[in-house]
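**Q** any chance you could fold what I've pasted below:
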Amino acid sequence: MKLTSKGQVTIPRALRQQFGLHPNAEVTFEAIRRGWLISGRVRRGAANS
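**A** Numbering: from 1, shown residues only. Predicted coordinates:
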């Protein structure tokens, strides 16, 4: 993944599909000892909300 000049990253489609991430999903970036942890909160049944 690359960071754009606007500070945005694109999560690859395969990962978005695997983890059920849809537009407007909340994603958290957390600094950990060996790098970054990226986590998303998935609300079941809220695919297009």
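
**Q** next, Leu15: secondary structure please.
**A** Secondary structure state of Leu15, per DSSP: H, G, I helix; E, B strand; the rest coil, is helix.

**Q** ok, Ile38 next?
**A** Following three-state DSSP, the label given to Ile38 is strand.

**Q** contacting residues around it?
**A** Going by Cβ atoms under 8 Å, 6 or more residues apart in numbering, Ile38 touches 11, 27-30. In this view, the C-beta of every residue, glycine as well, is placed from N, C-alpha and C.

**Q** distance of it from Thr10?
**A** Distance, Ile38 to Thr10, by Cβ to Cβ, to the nearest Å: 12 Å.

**Q** for Leu15, which non-adjacent residue is spatially closest?
**A** With Cβ to Cβ, 6 or more residues apart in numbering as the criterion, Leu15 has its nearest non-adjacent residue at 7.5 Å, and that residue is Leu21.

**Q** wait, the one you found touches Thr28, no?
**A** No - using Cβ atoms under 8 Å, Leu21 is not in contact with Thr28; the gap is 11.9 Å.
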